[in-house]
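[1] pasting the structure only:
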């Protein structure tokens, strides 16, 4: 365990030295504060609380931004060190390859978790001091949004590690990372919508849609945050969708956890057999 923590600490220090932590935290905080202040303006006319507006806005932002940040941080985690020759030096020490993989992943996931929690937490503090009468359920939804955002970042970090493990040069890994982001964040839902239009409701029912949404970590994150809490789903316009979701919060959280563990385990298996 100490070996894994040493490697994780090394990754965090490198992220600090490269200004990744500072840049990510400032970006998250700036966007979260902007959305929280702008989102509080219309709440008096539509009956939605400022925190609900912030949750919906940040959830939509997170789906586009956080996976991209996670992939940029992790796509060359393995292949980059192999190209630089530092991986061979690291493996010359009495350390297992899975320990290297897990330690580096924990370090990168910690960077994303710190930036997300601190950045989004700044928006929560601003609303805490600036708004009165926010219900406890809204704060629970906000905390759940931050927690699942960290999980979403970790899931795409694991996918970045998988891309970094299966190739032999950084350029290819970068291309795969971009393809992962485009596929899950941009193209998947468009393809699903096209499938529904083509099917015209003949064979694809709500149950099939539920399972297809679970096949995308971004959609699983969206389902949890926009349908898991009544006050948020009412404002987001997903109350009708919430009644069709067949999976509860524990299942959705389990699916997000599987999106972390699955790609990371596969990457560790491939890395253990990779010739360096």
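    Alright, I've got the coordinates. Since this is a predicted model, take the numbers as computed values, not measurements.

[2] so where do the helices sit in the stretch 1-150 of the chain?
    Using DSSP state H, counting those that start in this stretch, the helices found in the stretch 1-150 of the chain span residues 2-17, 20-39, 43-46, 50-74, 79-84, 86-91, 97-130, 136-166.

[3] which elements pack onto the longest one?
    This means helix 97-130. Here helix 97-130 touches helix 2-17, helix 20-39, helix 50-74, helix 86-91, helix 136-166, helix 249-272, going by 3 or more Cβ pairs under 8 Å, 6 or more residues apart in numbering; DSSP states H and E. For every residue, glycine as well, the C-beta is placed using N, CA and C.

[4] 7 Å instead?
    When contacts are defined as 3 or more Cβ pairs under 7 Å, 6 or more residues apart in numbering; DSSP states H and E, helix 97-130 sits against helix 2-17, helix 20-39, helix 50-74, helix 136-166, helix 249-272.

[5] ok, which of the ones you listed comes nearest residue 109?
    Residue 109 sits nearest to helix 136-166 of all the helices and strands packed on helix 97-130, at 4.6 Å, using Cβ to Cβ.

[6] pull out the buried positions in that closest one.
    138, 141-142, 144-166 (16 or more other Cβ atoms under 10 Å).

[7] can you list the low-confidence ranges for the protein?
    38-49, 131-133, 201, 228-246 (pLDDT under 70).

[8] what's the closest non-adjacent residue to residue 261?
    residue 158 (7.7 Å; Cβ to Cβ, 6 or more residues apart in numbering).

[9] next: residue 70.
    Counting by Cβ to Cβ, 6+ apart, the residue nearest residue 70 is residue 156, at 3.9 Å.

[10] contacts only, for that neighbour.
    Residue 156 sits next to 67, 70-71 when contact means Cβ atoms under 7 Å, 6 or more residues apart in numbering.

[11] the closest residue to residue 170 other than its chain neighbours - how many residues pack around it?
    Using Cβ to Cβ, 6+ apart and skipping the chain neighbours, the partner closest in space to residue 170 is residue 76 (4.8 Å). By other Cβ atoms under 10 Å, 22 other residues sit near residue 76.

[12] with the one 10 residues further on instead?
    For residue 86, the number of neighbouring residues by other Cβ under 10 Å comes to 11.

[13] so what's the residue nearest the centre of the chain up against?
    Note on the chain: the residue nearest the mean C-alpha position is residue 152, at 2.1 Å, using Cα atoms, centre = their mean. Contacts for residue 152 (Cβ under 7 Å, 6+ apart) come out as 62, 66-67, 217, 221, 256.

[14] just put these in CSV and tack on neighbour count.
    Listed next are the contacts of residue 152 as CSV, based on neighbours: other Cβ atoms under 10 Å:
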residue, neighbour count
62, 26
66, 26
67, 25
217, 25
221, 26
256, 22
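
[15] closest to residue 116 out of the residues you listed?
    residue 66 (6.9 Å).

[16] hang on, isn't the closest one packed against residue 149?
    Yes - the pair residue 66 and residue 149 qualifies as a contact (Cβ atoms under 7 Å) at a distance of 6.1 Å.

[17] joint contacts of the two?
    Common neighbours of residue 66 and residue 149 (criterion: Cβ under 7 Å, 6+ apart): residue 116.

[18] neighbours of residue 207, how many?
    10.

[19] count of neighbours near residue 171?
    For residue 171, using other Cβ under 10 Å, the count is 10.

[20] pull the distance from stretch 121-141 to the chain's centre.
    Distance, stretch centre to chain centre, for stretch 121-141: 22 Å (Cα atoms, centre = their mean, to the nearest Å).
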